[in-house]
Structure formats: C-alpha cells, structure tokens
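**Student:** With the input below, show me the fold.
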Amino acid sequence: MQELPYELSPAELFRQLAGPAPPRLIDCREPFERELARIEPSVLIPMRAVPGELQDIETMAADANVVVYCHHGVRSLNVVAWLRRNGVENCQSLAGGIDRWSLDVDRGVARY
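**Tutor:** Take a look at the predicted model:
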C-alpha cells in the first residue's frame, strides 16, 4: 500500500467527502473554535486529548481514512505526525485548515 501524503488540499477533501468511501473527519481545535466554524460531519477531539483517544481513533481508521483539521493546518499536521508514529497510517491533515476550506470550498464556513 502506498503511503498517503501527510496533507491533502481542501478541494481533494471535498472530492473525497462526495465519493463512495468518505474519510472520517477529526476537528482537533478547541470547543470554542468549533462553535465559530466547523466542517460536518466531524468529531471534536482537541489536540491535547488525542493521546487519550488513540484507541477510538484507531477504530475510526479501521473503517476509513481519517482527515484531521484545525484552524490553519499546523495543529492538525502535528496530530497526524503523532498518529502515524503511533501506528495510524491512514490519516492526513487538511492543508491550510478550516480557514483555507472556507476560502477554497465553502465560503459559508465562517472565518475567524
């Protein structure tokens, strides 16, 4: 199996979400950020909580690829690097985060 790139573009995520095997989305921001803007369907697992949720994330990854997103793509890239070091290979970070998603895909998602 070919290794996935660490990041994917908002346009590629949009394409995958509309496809036959959509990825599972993890929002690694804080709850107050999620109240401002979100991509659905996604589950909130703040970055600091990821290690304690590893087993649940492994279960999610058993069924589909996992895409992690944050505000600008920095936290999510760190989460993906940590997940890969801990055995979750089929995960990617949304390049540019929800901010770029709003600019490139869905202007209805608030920018903050």
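
**Student:** Only C-alpha atoms from now on, for both contacts and neighbour counts.
**Tutor:** Will do.

**Student:** Which residue ranges of this protein form helices?
**Tutor:** 10-17, 31-36, 54-63, 74-85, 97-104 (DSSP state H).

**Student:** Pro46: which of the ones you listed is closest?
**Tutor:** Among the helices of the chain, the nearest to Pro46 by Cα to Cα is helix 31-36 (7.6 Å).

**Student:** Can you report how many residues neighbour Asp27?
**Tutor:** 26 (other Cα atoms under 10 Å).

**Student:** and it, bridged to which residues?
**Tutor:** Beta bridges link Asp27 to Leu44, Tyr69, judged by DSSP bridges.

**Student:** so who does it touch?
**Tutor:** By Cα atoms under 8 Å, 6 or more residues apart in numbering, Asp27 lies in contact with 34, 38, 42-46, 68-70.

**Student:** Need these in a markdown table (columns: neighbour count, pLDDT and distance to Gly87).
**Tutor:** As requested, the contacts of Asp27 are exported to a markdown table (neighbours: other Cα atoms under 10 Å; pLDDT from 0 to 100; distance: Cα to Cα, whole Å):
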| residue | neighbour count | pLDDT | distance to Gly87 |
| --- | --- | --- | --- |
| Arg34 | 16 | 98 | 27 |
| Arg38 | 21 | 97 | 27 |
| Ser42 | 16 | 98 | 21 |
| Val43 | 14 | 98 | 20 |
| Leu44 | 18 | 98 | 21 |
| Ile45 | 19 | 98 | 18 |
| Pro46 | 19 | 98 | 19 |
| Val68 | 30 | 98 | 15 |
| Tyr69 | 32 | 98 | 19 |
| Cys70 | 27 | 98 | 21 |
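
**Student:** re earlier: can you redo the helices of the chain as CSV, where the extra columns are distance to Leu4?
**Tutor:** Below are the helices of the chain laid out as CSV (distance: least, Cα to Cα, whole Å):
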stretch, distance to Leu4
helix 10-17, 13
helix 31-36, 27
helix 54-63, 13
helix 74-85, 11
helix 97-104, 18
